[in-house]
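Student: Fold the following for me, if possible:
(2 chains)
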Amino acid sequence: MRDTVDPDFASFVDARQGRWLRTAYLVYGDLRRAEELLLHAFTQLSVRWARVDDPDAFVQRLLYQPALRPWNRAKPFPDDEDPIRAALAELTPAQRTVFVLLHFEELTEFEVSDLLGMSQTAVHANGMSAFGRFRTALGAGDWRDAR
Amino acid sequence: MRREDVRPLLLQATDLLSEPDLADAAWAAGLVVNRRRRRLTALSVIAVIALAVVASILIGTGTRGRADITPPPTPPGYIESSGKISGIDFWVAPPPGSERFLDRLETPLGDRLDLPHKVRPLAKHTLHNIAAVLLVKHGDRYAPLLLGADGSWVQADVGLAPVDNGPPLSPGAISPDGHVAAFPQPGALVTVDATTAQIARFPLPGGDYLSVSWVADGRWALVGGRDATYQVLVGEGGYGEDPVFRVAATRDPNEATSPFRIQTGAVMRYMFNGQWMEDNPLTLPVRSWQGQTFSSITGAARVFVSETLPQVPTRVSQPQVVAAISTLSTMPSRLLVLGEPQDSPPTQEGAGDRPFVREVGCCAVLGWYDDNNVLFRVRGWVLAWNLDSGRVRRVTELGVDQVALGPGLRP
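Tutor: Predicted coordinates:
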């Protein structure tokens, strides 16, 4: 591993860090934690930079899988009065993670299933229920009215 | 709300976030992680080695908490000596008839030593190292058959006259380097160089010569006769060296051996100038000596017929003893008593050879396999006696009357 930052690695990080920080912020509801996890994921990637086949998937797994762990129960967006963030805070961690990845990262259910190590059925169910609860929280009616 | 409306809402929720700059920080942290991993790997290797050392010490410590770091005083398979004869530890050899069941010492001689069926001429197939020499009789002459360390037999193109109405083969015929075999002849010494197929004849003052022994440098041979013993230059000589000179008289032709000869009362050292010097006094209950003395780096060995031994009673024969006398003060001498048949020999069909009495003259030392193993002949067998353990092993069954053994036996 070279002492100075690899230009390819720097380009890779520069191109993705803003988007992934926002995604992680929405998933965890905590900016500081999102930054820590993103830095940790990029650090792990730097150690294996020459050997990792799919760096996007490598970083995203490290970034989002901790959200599903049972001991990850910190309340998201504490004391936040923004209705959108408050609506996200009402979702379970799994629902929020799937919902954000589906609608913000615009991944397919198959990609989300692969990233989170979750069955496609579970991803679909979490996505539907999250969408319904999000709509309801924002006063947009029952999810079955959605098109 | 439709699904397409969700992403703008979520983007709006993250509007206020600033753009991070994590590339340098991540790379620097990666370097730290990398260094820490290397250090951890090195420490793990050291810890594993340390644990292995500690575990080996703990295993060796045993329950008393004391590591057994001193080697055992005796080698594996050690047999306790049966007592002492004239202050020297002695062992009793396996009884006659049991030789076939002894552990075997692997040599090119094989299980049984017979006259070979396939023999090549020495001129076409020279040997590097002679393991054994036999004589085959053609009319009234004898032809030497040489066994190489590779197990091949060759015949030298020379006819040897009998000496003392017997084959002219002395147990000490083979030179210390295994290259040359020497044969006593009436009025001469004949040598066969196995590496070049060269036959040489060295005339000696008249008389029959019965034994041959080699000086350790392999250039000189001692030729013993009834009337006189001569030292003969067989190899390359130095300037001014007398190629043949007479050696101080010995009582028996077989006593002309170098560098030591064991005789009644003393171990004598040959001085290479034809003279002998007493090396060590020796007190043994000797009635007569059998065969030649063979020397190794640490000792000399010869068979003697003993006076009656109270320690090893015999009923029908006189006990014979292989004496391995140490020529170093720090090492002990040892004796091996060749016993009589057991009171109740094996009775099952094929469970052993018919027991017989080891008559006087049946047994003699044939040489040393290495510094610890004396090779000796008993009736019908060549055996090896390990001085360290006291164990006797079989080397080969003898299908011939006479044999001389050389360094080619060793692997």
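
Student: contacts and neighbour counts: CA atoms only from here.
Tutor: Fine.

Student: for residue B:153, phi and psi?
Tutor: Residue B:153 adopts backbone torsions of phi -110, psi 140, taken as degrees, to the nearest 10.

Student: Report whether the expected contact of it with residue B:135 is present.
Tutor: No - here residue B:153 lies out of contact with residue B:135, judged by Cα atoms under 8 Å, at a distance of 11.9 Å.

Student: what's the overlap in contacts for the two?
Tutor: Common contact partners of residue B:153 and residue B:135 (Cα atoms under 8 Å, 6 or more residues apart in numbering or on different chains): residue B:145.

Student: Which helix in the chain has the most residues?
Tutor: Picking chain A for this. Once chain A is assigned using DSSP state H, the helix that runs over the most residues is helix A:7-28.

Student: My question was about chain B, not that one.
Tutor: Ranked by residue count, the top helix of chain B under DSSP H comes out as helix B:23-61.

Student: Point out the other helices and strands that it packs with.
Tutor: The helices and strands touching helix B:23-61, judged by 3 or more Cα pairs under 8 Å, 6 or more residues apart in numbering or on different chains; DSSP states H and E, are helix A:7-28, helix A:31-47.

Student: avg pLDDT for that helix?
Tutor: Helix B:23-61 carries an average pLDDT of 91.

Student: pLDDT score for the closest residue to residue B:170 other than its chain neighbours?
Tutor: Distances taken as Cα to Cα, 6 or more residues apart in numbering or on different chains place residue B:211 nearest to residue B:170, at 5.1 Å, with adjacent residues excluded. For residue B:211, the model assigns a pLDDT of 91.

Student: Count the residues that sit near the residue of the stretch 201-350 of chain B found nearest chain A.
Tutor: Scanning the stretch 201-350 of chain B for proximity to chain A using Cα to the nearest Cα identifies residue B:297 as nearest, at 62.3 Å. Neighbourhood size, residue B:297 [other Cα atoms under 10 Å in any protein chain shown]: 12.

Student: Please apply the same query to the one 10 residues further on.
Tutor: Residues contacting residue B:307 under the criterion other Cα under 10 Å number 14.

Student: Repeat that for residue A:48.
Tutor: 15.

Student: For residue B:224, name its beta-bridge partners.
Tutor: Following DSSP bridges, residue B:224 is listed with bridge partners residue B:211, residue B:229.

Student: Could you tell me how far the following helix or strand past the longest helix of chain B lies from the centre of the chain?
Tutor: Next along the chain after helix B:23-61, taking DSSP states H and E as the criterion, comes strand B:83-85. Strand B:83-85 sits 25 Å away from the centroid of its parent chain (Cα atoms, centre = their mean, to the nearest Å).

Student: same deal with stretch B:256-265?
Tutor: Distance of stretch B:256-265 from the chain centroid (Cα atoms, centre = their mean) equals 20 Å.

Student: So which bits of that stretch are buried?
Tutor: B:256-264 (16 or more other Cα atoms under 10 Å in any protein chain shown).

Student: did I read that right, residue A:94 in a helix?
Tutor: Yes - assignment of residue A:94 by DSSP: H, G, I helix; E, B strand; the rest coil places it within a helix.

Student: Next, count neighbours for the closest residue to it other than its chain neighbours.
Tutor: Counting by Cα to Cα, 6+ apart, residue A:68 is the residue found nearest to residue A:94 once chain neighbours are left out, at 5.7 Å. Neighbours of residue A:68 under the rule other Cα under 10 Å: 19.

Student: Tell me the confidence at residue A:68?
Tutor: 89.

Student: ok, back up a step: which of the helices and strands packed on helix B:23-61 has the highest mean neighbour count?
Tutor: helix A:31-47 (a mean of 21; mean count of other Cα atoms under 10 Å in any protein chain shown).

Student: Only the buried residues of the helix or strand just after that one, if you could.
Tutor: Following helix A:31-47 in sequence order, the next helix or strand is helix A:55-64 (DSSP H and E). Using 16+ other Cα under 10 Å as the burial criterion, the residues of helix A:55-64 that qualify are A:55, A:58-64.

Student: what is the rounded mean pLDDT of stretch B:135-149?
Tutor: For stretch B:135-149, mean pLDDT is 92.

Student: I would like the residues contacting it, please.
Tutor: Contacts with stretch B:135-149, where a contact means Cα under 8 Å, 6+ apart, come from B:108, B:115, B:127-134, B:153-162, B:167-169, B:194, B:402-403, B:408-411.

Student: same check, this time on stretch B:317-324
Tutor: B:299-309, B:312, B:333-340, B:357-360, B:363-365, B:374.

Student: Among those, which lie within helices?
Tutor: Assigned to helices by DSSP H, none of these qualify.

Student: which residues does whatever residue of chain B ends up closest to chain A contact?
Tutor: Nearest to chain A, among the residues of chain B, is residue B:26, at 4.4 Å (Cα to the nearest Cα). Counting by Cα under 8 Å, 6+ apart, residue B:26 touches A:39-40, A:42-43, A:46.

Student: export these to TSV and tack on pLDDT?
Tutor: Formatted as TSV, the contacts of residue B:26 follow (pLDDT from 0 to 100):
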residue	pLDDT
A:39	94
A:40	94
A:42	94
A:43	94
A:46	93
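
Student: pretty sure the residue nearest to residue B:170 is touching residue B:164, no?
Tutor: No - contact between residue B:211 and residue B:164 fails when scored by Cα under 8 Å: they sit 10.9 Å apart.

Student: related to what we said a few turns ago, quick one: which of residue B:153 and residue B:135 has more around it?
Tutor: Neighbours per residue, other Cα under 10 Å: of residue B:153 and residue B:135, the larger number sits with residue B:153, 26 against 22.

Student: Tell me what the more buried one is bridged to.
Tutor: Going by DSSP bridges, residue B:153 forms beta bridges with residue B:147.

Student: okay, it: pLDDT?
Tutor: For residue B:153, the model assigns a pLDDT of 94.

Student: In contact with it, which residues?
Tutor: B:116, B:118-120, B:145-147.

Student: By neighbour count, which of these wins?
Tutor: Neighbour tally across these (other Cα under 10 Å): the maximum, 29 neighbours, falls on residue B:146.

Student: How much space separates it from residue B:172?
Tutor: Distance, residue B:146 to residue B:172, using Cα to Cα, to the nearest Å: 14 Å.

Student: Equivalent analysis for residue B:263, please.
Tutor: From residue B:263 across to residue B:172, the span is 17 Å (Cα to Cα).

Student: so who does the closest residue to residue B:26 other than its chain neighbours touch?
Tutor: Leaving out its chain neighbours, the residue that sits closest to residue B:26 by Cα to Cα, 6+ apart is residue A:43, at 4.4 Å. Each residue near residue A:43 by Cα under 8 Å, 6+ apart is listed here: B:26-30.

Student: Work out for me the element the residue nearest the centre of chain B sits within.
Tutor: By Cα atoms, centre = their mean, the mean C-alpha position of chain B lies nearest to residue B:369, the distance being 1.8 Å. Element membership of residue B:369 [criterion: DSSP H and E] is strand B:364-370.

Student: For chain A, which residues are neighbours of chain B?
Tutor: Near chain B, the residues belonging to chain A are A:1, A:3-5, A:9-10, A:13-14, A:17-18, A:21-22, A:25-26, A:39-40, A:42-47, A:82, A:84-85, A:103-104, A:135, A:140, A:146-147 when assessed by Cα under 8 Å from any Cα of the partner chain.

Student: The helix or strand that residue A:135 is a member of: which residues count as buried?
Tutor: Per DSSP H and E, residue A:135 falls inside helix A:120-137. Neighbour counts over helix A:120-137 (16+ other Cα under 10 Å) mark A:120, A:123-124, A:126-128, A:130-135, A:137 as buried.

Student: Also stretch B:358-371?
Tutor: Buried residues in stretch B:358-371, counted by 16+ other Cα under 10 Å: B:358-359, B:363-369.
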